[in-house]
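*Asks:* need coordinates for the following:
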Amino acid sequence: MALKAEDMGSLSFMVRRTWLSMRSAISVELKEYGLTSPQYATLLIVAGNPGCSNSDIARKVASTRQAANEMLTALEGRGLLTRAPNPADRRTQQLHITDAGSAVLAGAHAAVQRREAELETGFTDEERAVVRRWCETIGDKCEPGEGGWPGLGV
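*Replies:* All right, here's what the predicted structure looks like:
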């Protein structure tokens, strides 16, 4: 017997279930572009924040710096982004998306938007706006401070 949302009792659990379900649906779309969800998110972040660092990526995709570095190495190896020394901080590198990365991102983003639109069928524009505003607000409130994500070392 399927549980109703009100029977689950935990908003966090409901959000997790939704995220895992959406991530699975989106992963199918991203396979065509040879991307994982974290890689797709990374390309989005770098495209929107040229010059960001490995630590910035780790924080935004909620991973360790080591895991983020491995992911960045794979994306760099495919020619989708570049790393360059940060002139203001020799300990960090600046990330930039390449033309090839922009092309892959454009295709992947269109596929993700198409799939998300399919998943949102039946919702009004107002309902979609409320959900997106709620997700953004909660995400901002849960964003780590200077200490990073607890337990992740970022």
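*Asks:* strand partners (parallel or antiparallel) of the longest strand seen in the chain?
*Replies:* Secondary structure of the chain read by DSSP state E shows that its longest strand is strand 89-97. Note on strand 89-97: by DSSP bridges, its sheet partners are strand 81-86 (antiparallel).
*Asks:* give the buried residues for the strand it pairs with.
*Replies:* 81, 83 (16 or more other C-beta atoms under 10 Å). Yep, even glycine has a C-beta here, placed from its N, CA and C like the rest.
*Asks:* same check, this time on stretch 113-129
*Replies:* R115.
*Asks:* residues in contact with it?
*Replies:* Residues outside stretch 113-129 that contact it (C-beta atoms under 8 Å, 6 or more residues apart in numbering): 22, 25-26, 28-29, 131.
*Asks:* repeat that with 7 Å
*Replies:* Stretch 113-129 is contacted from outside by 22, 25-26, 29, using C-beta atoms under 7 Å, 6 or more residues apart in numbering.
*Asks:* which of the residues you listed are buried? Put it as a ChimeraX command.
*Replies:* Remark: buried members of the contacts of stretch 113-129, expressed as a ChimeraX selection using 16+ other C-beta under 10 Å:
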select :26,29
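*Asks:* quick one on the thing from earlier: run the chain-centre distance for the longest strand of the chain.
*Replies:* Offset of strand 89-97 from its chain centre (C-alpha atoms, centre = their mean, to the nearest Å): 19 Å.
*Asks:* what's the angle from the helix or strand harbouring G107 to strand 81-86?
*Replies:* Element membership for G107 (DSSP states H and E) is helix 99-119. Using axes from the mean of the first three to the mean of the last three C-alpha atoms, to 10 degrees, the direction of helix 99-119 lies 120 degrees away from that of strand 81-86.
*Asks:* on the three-state scheme, the most centrally placed residue in the chain is what?
*Replies:* In the chain, the C-alpha closest to the average C-alpha coordinate belongs to A41, at a distance of 3.1 Å (C-alpha atoms, centre = their mean). A41 falls in the helix class when you classify it by DSSP: H, G, I helix; E, B strand; the rest coil.
*Asks:* any idea how far P85 is from the closest residue to it other than its chain neighbours?
*Replies:* Leaving aside its chain neighbours, A41 sits nearest to V61 (5.2 Å; criterion: C-beta to C-beta, 6 or more residues apart in numbering). V61 sits at a distance of 23 Å from P85 (criterion: C-beta to C-beta, to the nearest Å).
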